[in-house]
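Asker: Take this sequence and fold it.
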Amino acid sequence: MKQLILLVFLIFFISGIHAQDSSKARPIKNAKISFTEILHDFGSVNEDTTLIYRFVFYNPGQDTLRIYRLKSS
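Answerer: Sure thing, here's the model as predicted:
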C-alpha cells in the first residue's frame, strides 16, 4: 500500500518533468526542476514500518528555482 501511495505522489509531483540529458548541452534561461532519479522501490515491507527516501533535485536553469507549494497524497 505504501508503494502505491509513493507512486501516486511521484506521478502527481513530477508530472510534466522528463529526463533532461540534453539540458546540459544547452543553457536553460528559466528555472527548471530536474531529478537525478524519479522512482524508488522499497520492495516488501511490513505495514508498521516507517520508510524514508530522499529524492535529489537540482536546477539546471540560470534563474532561481522557487517551490511555493508542495502537496503530498
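Asker: lowest average confidence, helix or strand, in this structure?
Answerer: Of all helical and strand segments in the chain, the minimum by mean pLDDT, DSSP states H and E falls on helix 2-13, at a mean of 61.
Asker: any idea of the mean pLDDT in whichever helix or strand comes after that helix?
Answerer: Sequence-wise, the next helix or strand downstream of helix 2-13 (DSSP states H and E) is strand 34-35. Strand 34-35 shows a mean pLDDT of 92.
Asker: Over to stretch 61-72?
Answerer: Regarding stretch 61-72, the rounded mean pLDDT is 86.
Asker: what does stretch 43-51 give?
Answerer: Here the average pLDDT along stretch 43-51 is 91.
Asker: Endpoint to endpoint, it covers what distance?
Answerer: 11 Å (C-alpha to C-alpha, to the nearest Å).
Asker: May I see the buried residues of that stretch?
Answerer: If you call a residue buried by 16 or more other C-beta atoms under 10 Å, then stretch 43-51 has no buried ones at all. The C-beta positions use only the backbone N, C-alpha and C, and glycine is treated the same way.
Asker: swap in stretch 61-73?
Answerer: G61.
Asker: CA-only coordinates of it in CSV, if you can.
Answerer: The C-alpha trace of stretch 61-73 is given here as CSV (Å, rounded to 0.1, in the frame of the first residue of the first chain):
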residue,chain,number,x,y,z
GLY,A,61,18.5,26.7,-15.3
GLN,A,62,20.0,30.1,-14.8
ASP,A,63,17.1,31.6,-12.8
THR,A,64,16.3,30.9,-9.1
LEU,A,65,14.1,27.9,-8.6
ARG,A,66,11.3,28.7,-6.1
ILE,A,67,8.9,26.0,-4.8
TYR,A,68,5.9,27.7,-3.3
ARG,A,69,3.6,24.8,-2.6
LEU,A,70,4.3,21.1,-2.1
LYS,A,71,1.4,18.7,-1.6
SER,A,72,1.7,15.1,-0.8
SER,A,73,-1.0,12.5,-1.1
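Asker: No further questions, thank you.
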